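**Q** when you get a sec, could you give me coordinates for this:
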Amino acid sequence: MKDYLFLIPLFPIIGFIFNIFLGKKLSEKILSVTGVLPIAFSFLLSLLTAYEFLTSTHGIIHQQVFRWIDVGDLKINFGFLIDPLSLVMILVVTFDALLIHIYSTGYMHGDKRYGVYFSYLNLFVAMMLLLVMADNILLSFLGWEGVGLCSYLLIGFWFEEEERARAGMKAFIVNRIGDFGFVVGIVLILMFLGGLSYEFMESAVKDVSHSILLAIGLCLFCGAVGKSAQVPLYVWLPDAMAGPTPVSALIHAATMVTAGVYMVARMHFLYSLIPEVLLIISWVGGFTAIFAASMGITSTGIKKVLAYSTISQLGYMFMGVGTGIYWVGIYHLATHAFFKALLFLGSGSVIHGLHGEEDIMKMGGLRTYMKWTYAVFLTGCLAIAGVPPFSGFWSKDAILLAVLQERGAGLFALGVFGAFMTAFYMFRLFYLVFHGEKRFEKKPHESGPVMIVPLIIFAVMSIIGGNIGIEKFLEEFFGGHFHHDEKAMIISVLSGLLGIGVATYLYIINPSAPQKISQKLKALYTLLYNKYYVDEIYDAIFVRGTLLIKDMCRWFDIKVIDRLVDLTGEAGILTADTSGLVDHAGVDGAVNLTATGTLKVGDILRRLQTGILPGYLLFAGSVLLIFLLFVLFGL
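**A** Model (predicted):
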């Protein structure tokens, strides 16, 4: 089995190269095949790997492909690792990616950059597979940065529109902030542990001081906060909806945002030694879950609501891994991959059927026009709301029970309240889109089979995905368990049902009530609708602050460093637009003053060298005469 592991990420890379170079020369039908086929091969190899892993007695599997870095004592292999964690991840990534690629052939039909789209999508999957299969943290970081690059390319795929281009840049820049901490963590690991392979680190952490481990854990978590969109670096994810809807599904369900949760679980041997950081992870996750859910309540973009739900659900995953019972977080990651892909692709079907409309206030009554989309979207809503026996129920309750056992009633209550809010805003979305009066302008239509079939498959997985043995498989690997508490489970389920009930009353039974409530609670509604003004605060402090520093540096460069006029009084060497910043009648700055001063001295000395011999003799004689007079009379 280990001989072909490298082919799992290699096939999508081949697809990327083929489509990026030959995409313009091929028809859309051929590009559909060359776009989907590499992912299909990776999925089949992942299934074969799972079969051989489960039937083999050899346990964890390594494949060393080649020596990657060999500098002095630093030796790093380009190698892959298959254990229960990476196996679950590659199955989730390739399964979701395959269905999303198939769906994309219908959704992106007719796009002028069809081949480029599939090349980027293939590369995205390849980088995520590289991240989760790597046997060392540096190779994981290569995949980590790779998914960041691909997210930039795909979020801003329709870059002709400035807003979409800015969304891609925002995602890229915000992630760089988190990644800086991640890089510092890797440097600290290399300095104090002496190696970067996960196997080596697991044995080496026991000999490192607690303070160093604390620093490493916090730095790596900083990277996870950025990649998995947790407070305060969550702001890029809602704007990431600017990309094509299948891209949103891939980012939110199987790649990119799950990387941070995976990394904490992968480094469990480190975090288990620093319980203080695990406590921070749990509370950051809990706060993010509530904070994001509150913004989902008032959002009116169909994909924006789902984006806030992803941020919130990622918060639950961090709550889970932060308990030290790591498998509950990965369990929810897997079930979330099914129902979140379903919800995003379902929203894509709605947008496609409404000719590009994304505002839920311009929808309504779609259940009679889009029956298949209606049915599968309802399945996704029930799953994310944690209604039994749907997949989200099992994994969400596992997290809440672990939180109650390890973190106490306070964080558990926060999680239960988040479950109520999740159920409420998801069924608010469902009712506004599919029920009530018709508010759309153009007649909607159902999507074709190439889009509906993947939705049906995801719907089936959203029903049964919580009972296919993922939790037992992961529990055996990570260890750790919680005590089942029937009362806590009942409270959790009731919170979800209460959320559905409140949404049903407000948007079905008494649809005029939401407007009345928003008017009575206008200040709170305005605060939530404007997302707590966090984007505006960040813009004022960081964006405009950076621009202000830039302007100050530019002023200093022009006023103090550069010259404003040349020696003849004509325009100087400045080529940038200095309007409003400089006075064109000024004088040389510090650096150019030195240069012009040297030129002045040189000009004076140049006049002494005429090239006329009698003049030199006269000058020498004059100097000699002055010297003699000084000697004779000066003494």
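
**Q** quick check: phi and psi on residue 134?
**A** Note on residue 134: backbone dihedrals following degrees, to the nearest 10 are phi -60, psi 140.

**Q** got the confidence number for it?
**A** As predicted, residue 134 sits at a pLDDT of 98.

**Q** kindly report the same for the one 3 residues further on.
**A** What the model reports for residue 137 is a pLDDT of 98.

**Q** with residue 71 instead?
**A** 89.

**Q** got a list of what it touches?
**A** If a contact means CB atoms under 8 Å, 6 or more residues apart in numbering, then residue 71 has no contacts. Quick note: C-beta positions are derived from backbone N, CA and C, even for glycine.

**Q** for it, give its distance to residue 199.
**A** To residue 199, residue 71 is 21 Å away according to CB to CB, to the nearest Å.

**Q** then residue 21?
**A** 38 Å.

**Q** quick check: phi and psi on residue 273?
**A** With angles defined as degrees, to the nearest 10, residue 273 sits at phi -90, psi -10.

**Q** any low-confidence regions in this protein?
**A** 1-2, 562-590, 592, 634-635 (pLDDT under 70).

**Q** for it, longest helix please?
**A** helix 162-192 (DSSP state H).

**Q** and the helix or strand immediately after that one in the chain, what other elements does it pack with?
**A** Next in sequence after helix 162-192, counting helices and strands by DSSP states H and E, comes helix 198-204. Counting contacts by 3 or more CB pairs under 8 Å, 6 or more residues apart in numbering; DSSP states H and E, helix 198-204 is packed against helix 268-271.

**Q** please save the CA atoms from the helix or strand just after the helix it packs on in PDB.
**A** Next helix or strand after helix 268-271 toward the C-terminus (DSSP H and E): helix 275-296. This file holds the C-alpha atoms of helix 275-296, laid out as PDB (Å, rounded to 0.1, in the frame of the first residue of the first chain):
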ATOM      1  CA  PRO A 275      -3.600  22.100  29.300                       C
ATOM      2  CA  GLU A 276      -3.600  25.900  29.600                       C
ATOM      3  CA  VAL A 277      -3.600  26.200  25.800                       C
ATOM      4  CA  LEU A 278      -6.300  23.600  25.500                       C
ATOM      5  CA  LEU A 279      -8.500  25.700  27.800                       C
ATOM      6  CA  ILE A 280      -7.900  28.800  25.600                       C
ATOM      7  CA  ILE A 281      -8.800  26.800  22.500                       C
ATOM      8  CA  SER A 282     -12.000  25.600  24.100                       C
ATOM      9  CA  TRP A 283     -13.100  29.100  25.100                       C
ATOM     10  CA  VAL A 284     -12.000  30.700  21.800                       C
ATOM     11  CA  GLY A 285     -14.100  28.100  20.100                       C
ATOM     12  CA  GLY A 286     -17.100  28.600  22.400                       C
ATOM     13  CA  PHE A 287     -17.100  32.400  22.000                       C
ATOM     14  CA  THR A 288     -16.700  32.100  18.200                       C
ATOM     15  CA  ALA A 289     -19.600  29.700  18.000                       C
ATOM     16  CA  ILE A 290     -21.900  32.200  19.700                       C
ATOM     17  CA  PHE A 291     -20.500  35.300  18.100                       C
ATOM     18  CA  ALA A 292     -20.800  34.000  14.600                       C
ATOM     19  CA  ALA A 293     -24.200  32.500  15.200                       C
ATOM     20  CA  SER A 294     -25.600  35.900  16.300                       C
ATOM     21  CA  MET A 295     -24.500  37.500  13.000                       C
ATOM     22  CA  GLY A 296     -26.200  34.600  11.100                       C
END
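
**Q** got the buried residues for helix 275-296?
**A** 277-296 (16 or more other CB atoms under 10 Å).

**Q** repeat that for stretch 4-11.
**A** Residues 5-6, 8-11 are the ones in stretch 4-11 that count as buried (16+ other CB under 10 Å).

**Q** among those residues, which are in helices?
**A** 8-11.

**Q** so which of those residues comes closest to residue 303?
**A** residue 9 (28.4 Å; CB to CB).

**Q** ok, the closest residue to the closest one other than its chain neighbours to residue 479 distance?
**A** Once flanking residues are discounted, residue 9 sits nearest to residue 129: 4.0 Å by CB to CB, 6 or more residues apart in numbering. Between residue 129 and residue 479 the computed distance is 26 Å (CB to CB).

**Q** and those two? Which one has more around it.
**A** residue 129 (28 against 13; other CB atoms under 10 Å).

**Q** pop out the phi and psi values for that one.
**A** phi -60, psi -40.

**Q** was I right about it contacting residue 7?
**A** No. Applying CB atoms under 8 Å as the test, residue 129 and residue 7 come out as separate, 10.5 Å apart.

**Q** now do the shared contacts for the two.
**A** Common neighbours of residue 129 and residue 7 (CB under 8 Å, 6+ apart) are residue 42.

**Q** and residue 79, that one's in a strand?
**A** Yes. Residue state for residue 79 (DSSP: H, G, I helix; E, B strand; the rest coil) corresponds to a strand.
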